[in-house]
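1. let's see this in three dimensions:
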Amino acid sequence: MKCLKCNKKSCIKISTNYFCKNCFTEVIQKRIRKELRITRVIKKNDKILIIDDGSYNSKNSVYLLKGTLKNLPCEISIKKSHYKIGKKIKTNANKIIIPWNLDDECEYFLYCFFNNKKPKYLGHYKLDKKLYIKLLLNVTDSESRKFADIKKFKYKKQKKEKSLINECLDVLEKEHPETKYSLLRSIEEIKKVYNEI
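-> Residues are numbered from 1 along each chain as shown. Purely as a prediction, here's the structure:
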């Protein structure tokens, strides 16, 4: 198959489209820029902390954020730490980038739904007067891993097994491409109802 954008030989598939390595990375970078432009979660002179847990998500976040904000005056720092959703981080920064992708968001929402719990931390969320930003919210887990591999980032291999929810989502995604993106759009509509931000 040929790359959708440049017609070169493709090696990566996103949904039903094929891309070469260069075009694939451009698609991901463009997606991140668009998300930041639409949400406006990062502004001039922000103090931003990136949580680095050693995963490909955190390595991608560092690279993508610095590349996107290279012309915007912001203070960016990195903290090596494990992160759990809803965990408060002690820092002087007013914005915190957490290693969280589309699969994490879908899993968290469905876990809350199946266990009759109100999801408190959908999308970008505020906690302790700080804004926690999911930079890779529109990037699937497999896309994030492929991006890190193409850029040759060194990251820790994930030891934990996939949850049953994530396994089911992967099956649905394979049978019905863009299932995860459709679920994310539904989650965003539900978040408006909760009015968390």
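2. report the beta-bridge partners for the most centrally placed residue in the chain.
-> Residue closest to the average C-alpha location in the chain (CA atoms, centre = their mean): Leu136, at 1.7 Å. Leu136 forms beta bridges with Asn101, as assigned by DSSP bridges.
3. quick one: it and Ile98 touch, right?
-> No. Between Leu136 and Ile98 there is no contact under CB atoms under 8 Å: 9.3 Å. For the C-beta atoms, the positions are set from N, CA and C on the backbone; glycine is no exception.
4. can you point out the buried residues in the longest helix seen in the chain?
-> If you go by DSSP state H, the chain has its longest helix at helix 21-39. Within helix 21-39, the residues that count as buried by 16 or more other CB atoms under 10 Å are Lys21, Cys23, Phe24, Thr25, Val27, Ile28, Arg31, Ile32, Glu35, Leu36.
5. what sits closest to the third one if chain neighbours are left out?
-> What that stands for is Phe24. Take Phe24 and drop its neighbours on the chain: the residue closest to it by CB to CB, 6 or more residues apart in numbering is Ile12, 4.6 Å away.
6. contacts only, for that neighbour.
-> Tyr18, Phe19, Cys20, Lys21, Phe24, Lys146 (CB atoms under 8 Å, 6 or more residues apart in numbering).
7. can you list the low-confidence ranges for the protein?
-> By pLDDT under 70, the low-scoring segments of the chain are 159-160, 194-197.
8. how near is Gln158 to Gly123?
-> Going from Gln158 to Gly123 by CB to CB, to the nearest Å gives 23 Å.
9. higher neighbour count, these two?
-> For Gln158 versus Gly123, neighbours defined as other CB atoms under 10 Å are more numerous around Gly123 (20 against 13).
10. mind checking the SS state of the more buried one?
-> Applying DSSP: H, G, I helix; E, B strand; the rest coil to Gly123 yields a three-state assignment of coil.
11. hmm, back to that, for the residue nearest to Phe24, give its distance to Glu143.
-> Ile12 is 9 Å from Glu143, where distance means CB to CB.
12. and Arg31, by the same measure?
-> In this view, Arg31 and Glu143 are 9 Å apart by CB to CB.
13. which residues in this structure form strands?
-> All strands of the chain, identified by DSSP state E, fall at 12-14, 17-19, 47-52, 75-80, 95-97, 125-127, 130-133.
14. now distance to Leu65 too, for these, in TSV please.
-> Compiled in TSV, the strands of the chain are given as follows (distance: least, CB to CB, whole Å):
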stretch	distance to Leu65
strand 12-14	21
strand 17-19	22
strand 47-52	6
strand 75-80	7
strand 95-97	6
strand 125-127	18
strand 130-133	9
